[in-house]
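> When you get a sec, could you give me coordinates for this:
(one chain, ligands or ions: 1)
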Amino acid sequence: MYDVAIIGAGINGCSVAYEFIKEGKRVLLFDKEGIASGGSGAAGAFISPKFSKAGELKELLHSAFEYSYDFYDKNFPLAFTKAPLIHIAKDEADDEALRVYKQNTQLELQSIPLDVQAQLSEDAKKRENVCIYAGVVDAQKVCNDMNCGAKFVKEKVDTLVFDDDFWVINESYSAKNVVLATGAYDMLIQEPYMKLRGVWGHRIDIKTTTQNFYSLHQYVSISPSHEGQLAIGATHNVHYHPEKADKPYDVEQGRAELLHKASQTMNLDNIEIVKDYTGLRSGSFDYLPMLGSLVLSKETLLTCKGSLHVKKPNFTEYMYYPNLSMINGSGGYGFVLAPYLAKILTEHILHDKKISERISPARFFARWAKKR
Ligand SMILES: Cc1cc2nc3c(=O)[nH]c(=O)nc-3n(C[C@H](O)[C@H](O)[C@H](O)COP(=O)(O)OP(=O)(O)OC[C@H]3O[C@@H](n4cnc5c(N)ncnc54)[C@H](O)[C@@H]3O)c2cc1C
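Numbers count the residues shown, from 1 in each chain. You can find the predicted model right below:
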C-alpha cells in the first residue's frame, strides 16, 4: 500500500512526488508515456514572473516565481541555469503595462548592457523593457531527478476505484491518496463543472553563430546560448489538438512562425534547426490553476440544494471525492507554479493546511451550480 499514487509524471506530478518523498512517504508515480512526456517535455521551462499591471494571476505568479527560483537553485542546481531575463513590450499597451510593472515591482531591476542592447532589432530597441534576474530549467532532468525515491510505473491509468479506505488503481495497485496530474489529457474523473483548455505549443532548438547571454521574451522567448545552441519557444495554437485534429500538425509552418517571431526581437545568424518539441499546455477557464479536492457534483447538488445560489457559497459544505486531489491548469507557467503549488498541496493532504478558494477546483462547481 502506497501513501500516494500520482497520475501523470509532468512537472506537476513530479513536484508532488518530490514533496511526498521529502516527507518520508511511499510514492507511486504513473505515466502512460514516460517522465516529462506531455507538455512538460515540450516546455522551454523559463522561470519568469508575469509582467502585467495587476491581477490575481500576476500576484500568484510573483509568489511562485520567488519561491521556485530559490527552490530550483537550492535543490536542483545542475538542472537550473540562472540568467538575466529581458522582457520586451510587443505594442503600446504593453509599453504602458511594463512602465506600471516597473514602478510597482519589489523585484530588483537590472540594467541592460549596451552590447546586449545593440543586438536587439530596431523595433525591440524602441519598446519599453524590463530586465530581472531569472532562470531556465532543464525540464527532462528536473522531472527525472524529482521522482528519485518514487516507484515509477509506465502504464496508462484506466480505472480508479475507492474501496473502503483506499484507492485501487488499474485493479492492481493501492494507495491512500490519489493526485491527478494529468495535464491537458483526459482527467479520468468526469465531472460536468470541470473543463480544461488545451493550448498546443511548438518550440525549437537551433544552432546559430549568434551568441546570446540573456533570456529574451517578446513575441516568443529566446534562451541564452549554450555550446552554440539556443531554444526558441513557443507558439500558442488554440485550434490544434493532437487527439481531435483530422490532419497531422504542420511542423514547417510552426518553425517558420517561431523563426519569424524571434527575428522581430534579434537577428540570429546561420540558423540550423536541431530539434522540435511540441505539446499541450493545460489551462483553466479563468487562467488560475486548479489545486485541491474535487467536488462530487451529484451528491453536493442533493445535500446543499438550498445554499447553492447564495452570493458567497461555503465550500466546506460541499461533498468531495475522498482523498483525491488535482494539480492542473498551470497554462504557460507550469514550471514556475509547480514547486510552489506542490508544496501547498502536500501540506494540505498531510497536514490539513487550507488551500485558497481562488485556486480550488470547487470554484468551478460553485459557478456551474449557480447557473443551473
Ligand atoms: C511548447 C511549450 C512551451 C512552454 N514553455 C513554458 C515555460 O517556458 N515556462 C513554464 O513555466 N511553462 C511552460 N510551458 C507550460 C508547461 O509546460 C506546462 O504548464 C506544464 O508542463 C504542465 O505540467 P503538467 O504536469 O500539468 O502536465 P504534462 O506535462 O502534460 O503532464 C501530464 C502527464 O500525464 C500523463 N497522463 C495523462 N493521463 C494519464 C493516464 N490516464 N495515465 C497515465 N498517465 C497519464 C501524460 O502522459 C503526461 O505525461 C510550456 C508548454 C509548452 C507546450
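
> got a list of what the closest residue to residue 288 other than its chain neighbours touches?
Leaving aside its chain neighbours, residue 288 sits nearest to residue 359 (5.5 Å; criterion: Cβ to Cβ, 6 or more residues apart in numbering). Quick note: C-beta positions are derived from backbone N, CA and C, even for glycine. Applying Cβ atoms under 8 Å, 6 or more residues apart in numbering to residue 359 gives the contacts 60, 288-292, 341.

> same check, this time on residue 148
Shown in contact with residue 148 (Cβ under 8 Å, 6+ apart): residue 21.

> all strands of the stretch 251-372 of the chain, in order?
For the stretch 251-372 of the chain, applying DSSP state E, counting those that start in this stretch gives strands covering 272-283, 290-295, 320-328.

> Redo those as a markdown table? Include mean neighbour count, distance to residue 136 and mean pLDDT.
Formatted as a markdown table, these follow (neighbours: other Cβ atoms under 10 Å; distance: least, Cβ to Cβ, whole Å; pLDDT from 0 to 100):
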| stretch | mean neighbour count | distance to residue 136 | mean pLDDT |
| --- | --- | --- | --- |
| strand 272-283 | 18 | 14 | 96 |
| strand 290-295 | 24 | 24 | 98 |
| strand 320-328 | 22 | 22 | 98 |
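
> of those strands, which approaches the ligand most closely?
The ligand lies closest, by Cβ to the nearest ligand atom, to one member of the strands of the stretch 251-372 of the chain: strand 272-283, at 3.9 Å.

> what's next to the closest one, contact-wise?
By Cβ under 8 Å, 6+ apart, the residues outside strand 272-283 that reach it are 38-43, 183-185, 196-208, 229, 233, 241-242, 249, 251, 254-255, 328-332, 334.

> near the ligand too, which of those?
Filtering those for neighbours of the ligand using Cβ under 6 Å from any ligand atom leaves 38-40, 42-43, 183-185, 201, 203, 233, 328, 330, 332, 334.

> In helices, which of those residues fall?
39-40, 42, 334 (DSSP state H).

> Turn those residues into CSV, columns for pLDDT and neighbour count.
Shown next, in CSV, are these (pLDDT from 0 to 100; neighbours: other Cβ atoms under 10 Å):
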residue, pLDDT, neighbour count
39, 95, 28
40, 97, 29
42, 95, 22
334, 98, 26
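
> nearest to the ligand, of these?
In terms of Cβ to the nearest ligand atom, no member of those lies closer to the ligand than residue 334, at 2.1 Å.

> Roughly how far does the closest one sit from residue 214?
The gap separating residue 334 from residue 214 is 22 Å, by Cβ to Cβ, to the nearest Å.

> now do residue 121
14 Å.

> Which of the two has more residues huddled nearby?
Set residue 121 next to residue 214 and count neighbours by other Cβ atoms under 10 Å: residue 214 wins out with 21 against 16.

> just checking, that one touches residue 88?
No - taking contacts as Cβ atoms under 8 Å, residue 214 lies outside contact range of residue 88: 10.6 Å.

> Mind listing the shared neighbours of those two?
The contact sets of residue 214 and residue 88 do not overlap (Cβ under 8 Å, 6+ apart).

> what's near enough to touch the closest residue to residue 149 other than its chain neighbours?
Spatial nearest neighbour of residue 149, excluding adjacent residues (Cβ to Cβ, 6+ apart): residue 21 at 4.2 Å. Going by Cβ under 8 Å, 6+ apart, residue 21 touches 27, 147-150.
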